[in-house]
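Chemist: Structure for this input, please:
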Amino acid sequence: MHDAASRTTKDAPVVAADAGVTFVMPVLNERAYLERAVRTVLEQDVAGRPVELVLALGPSSDGTTELARRLAAADPRIVLIDNPAADIPVGLNLAIRAGRYPTVVRVDAHSELTGDYTRRALETLERVRAANVGGIMRADGRTPFQRAVARAYNSPIGLGGGAYHSGGAEGPAESAYLGVMRRSVLEEVGMFDESVRRGEDWELNLRIRQAGYRVWFDPELAVTYWPRESWTRLVRQFFATGKWRGELVRRYGRRNSLRYFAPPGLVVLAVLALVLAVLQLTGVVTGWASAVASLIYLPVVAYAVLVVGMAAGPGGGSGWRDKLWTLAVLPTMHLSWGTGFIGGVMRGAHDTVDTSRLGTRNTPLP
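Modeler: Numbering: from 1, shown residues only. Here you go, the predicted structure:
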């Protein structure tokens, strides 16, 4: 939650009870996940409202586009548009503009909606007159590695305790995961900023709140999210995300939560501890100076104990491979994100993209 969110006062417009819903999904190299994601969208309980699903197709190399065409041929509610730039905010704007209905639901090819997700979100939008409503991201996994990543996603230790990761009371929020939004408000604030390639949801919700509207968190809403399936893809994803957060800090300064500064702080401490260890081993730093400087090891050791405790504790998979992967995943996420953040703050994000979605070959889900 965010204090600024509670100061919003403008009610979002109410739409007709039978008004349709537009789902928008940017897609790139998601053949293993797309069909299931589409199915959960088209099976939504929306009390008889018309629906459409607009897929913004990036230049996939794994057969995703061909699969999307087959799905669209089988169901007229699916609309296909091209997103040659492959950027998520560009694809979202193209899909929103191609849609017809006054409520827009952002969905992701790596996500699966519970059956009553949209109906509940529409009820909440109308009840609190919010411009955007989101719920909880419930990460899940099918392999020891993916389960370890999901466990980190679902823990305050992993991603910093945002409400949509770890839950909390219903109320005004800083941002919303995916989001169910009023089209008129999106058009009023200028849609997604196409210059922001990661963190585009946070930036959009900042402008929604600055325009006076409510962004709302409803813990009864839940979305299953399937994380990246390999260590290298996870590193690339978190490095790019961290770099764009650094860019957002450059642009918006103190509007960013303090929790975003914890991973770069860990990176700085780890580097200083490594340098000090080398200086001590080579005899450059000795005596009382070495003893005083060694205090820098304390937060690093405390972090290591925290990671080990989470890996050994309850939750997630129970097998030893799940626990070993948790030991690797947590530092990977924090250090990759923190390193990217520092680079983003110092030099900006420029043309940084999330390459974890490019040129992949996913194993189909059972």
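Chemist: Which parts of the stretch 51-200 of the chain are helices?
Modeler: Secondary structure of the stretch 51-200 of the chain, counting by DSSP state H, counting those that start in this stretch: helices at 64-74, 88-98, 117-128, 144-153, 156-159, 163-166, 183-189, 200-210.
Chemist: which of those is buried the deepest?
Modeler: Greatest average neighbour count among the helices of the stretch 51-200 of the chain goes to helix 144-153 (a mean of 24), per mean count of other CB atoms under 10 Å. Placement of C-beta: from N, CA and C, glycine included.
Chemist: Other residues contacting it?
Modeler: 137, 139-141, 158-159, 165, 225-231, 234, 310, 315-317, 319, 321-326, 328-330, 333 (CB atoms under 8 Å, 6 or more residues apart in numbering).
Chemist: Narrow those to those that are buried.
Modeler: Among the contacts of helix 144-153, those buried by neighbour count (16 or more other CB atoms under 10 Å) are 137, 139-141, 158-159, 165, 225-229, 234, 310, 316-317, 322-323, 325-326, 329-330, 333.
Chemist: Output the contacting helices and strands for the lengthiest strand in the chain.
Modeler: For the chain, the longest strand by residue count, based on DSSP state E, is strand 215-225. With contacts taken as 3 or more CB pairs under 8 Å, 6 or more residues apart in numbering; DSSP states H and E, strand 215-225 sits against strand 111-113, helix 117-128, strand 132-139, helix 163-166, strand 171-172, helix 200-210.
Chemist: If I take the longest one and strand 132-139, what angle do their directions form?
Modeler: For helix 117-128 and strand 132-139, the angle between their directions (axes from the mean of the first three to the mean of the last three CA atoms, to 10 degrees) works out to 140 degrees.
Chemist: How far off centre is helix 117-128?
Modeler: Computed by CA atoms, centre = their mean, to the nearest Å, the chain-centroid distance of helix 117-128 equals 21 Å.
Chemist: pLDDT on it, on average?
Modeler: For helix 117-128, mean pLDDT is 95.
Chemist: next one: the fifth one
Modeler: Throughout strand 171-172, pLDDT has a mean value of 93.
Chemist: For A130, give its distance to T118.
Modeler: Applying CB to CB, to the nearest Å, the value for A130 to T118 is 15 Å.
Chemist: Same question for S356.
Modeler: When S356 is compared with T118 (using CB to CB), they lie 28 Å apart.
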